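Colleague: Generate a structure from the sequence data that follows.
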Amino acid sequence: MIGDVFANIFRFALLVFLQFFLLNNIQFSGFVNPYLYVLFVLWLPFATPGWLLLTASFIMGLVIDLASETVGYHTVATVFTGYLRIRLLKFIAPHDGYDPNMSPTIPSLGLSWFLKYVVILVPAHHLVLFCVETFSFSDFLPAVLRALASSIFTILFIFIYQFLSIRTK
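Modeller: Modelled structure (predicted):
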């Protein structure tokens, strides 16, 4: 239990560091930016209570907003992702349910399940992020295109990060 808390705090710090110092500097024509920090919300253990998940999502979004000097865009998108995750886990649960001590990862539930999980949550996060950022119906289509393009790169980075973490264990 205490080990899980420290592991999640370390993951939080590592993802904020990677996002702020590395990934925020990767931009393709100002159009695509991978947001790996959302993986923190996706990887929280199944046993995480809803209130704690939403609080952790809020804190992660707030830290990214403060580091990026944005006005709550990441907070809104990350809390929405945490809320959607609670609902999605009920919808895509395996027949025998989840082991509460596990986290949603490829080794715990398989590649197919993890792919569905990530392909739903990451684009949802990005769509909310870019729609809140533009906050205009006239720029809706460019926001959707940015969300899709950034989602592809974010999902790619999530799988790279996932496979690197599997190898180190």
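Colleague: which residues sit in contact with residue 100?
Modeller: 45, 46, 47 (CB atoms under 8 Å, 6 or more residues apart in numbering). To be clear about C-beta, it is placed using only N, CA and C from the backbone, and glycine gets the same treatment.
Colleague: Any chance of TSV for those, columns secondary structure and pLDDT?
Modeller: Listed next are those as TSV, based on DSSP: H, G, I helix; E, B strand; the rest coil; pLDDT from 0 to 100:
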residue	secondary structure	pLDDT
45	coil	92
46	coil	92
47	coil	90
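Colleague: Show me which of those are buried.
Modeller: Using 16 or more other CB atoms under 10 Å as the burial test, these include 45, 46 as buried.
Colleague: Quickly name whichever of the contacts of residue 100 is closest to residue 67.
Modeller: Nearest to residue 67, judged by CB to CB, of these is residue 45 at 25.3 Å.
Colleague: Once you drop chain neighbours, what's closest to that closest one?
Modeller: Distances taken as CB to CB, 6 or more residues apart in numbering place residue 103 nearest to residue 45, at 4.9 Å, with adjacent residues excluded.
Colleague: With residue 67 instead?
Modeller: residue 20 (4.7 Å).
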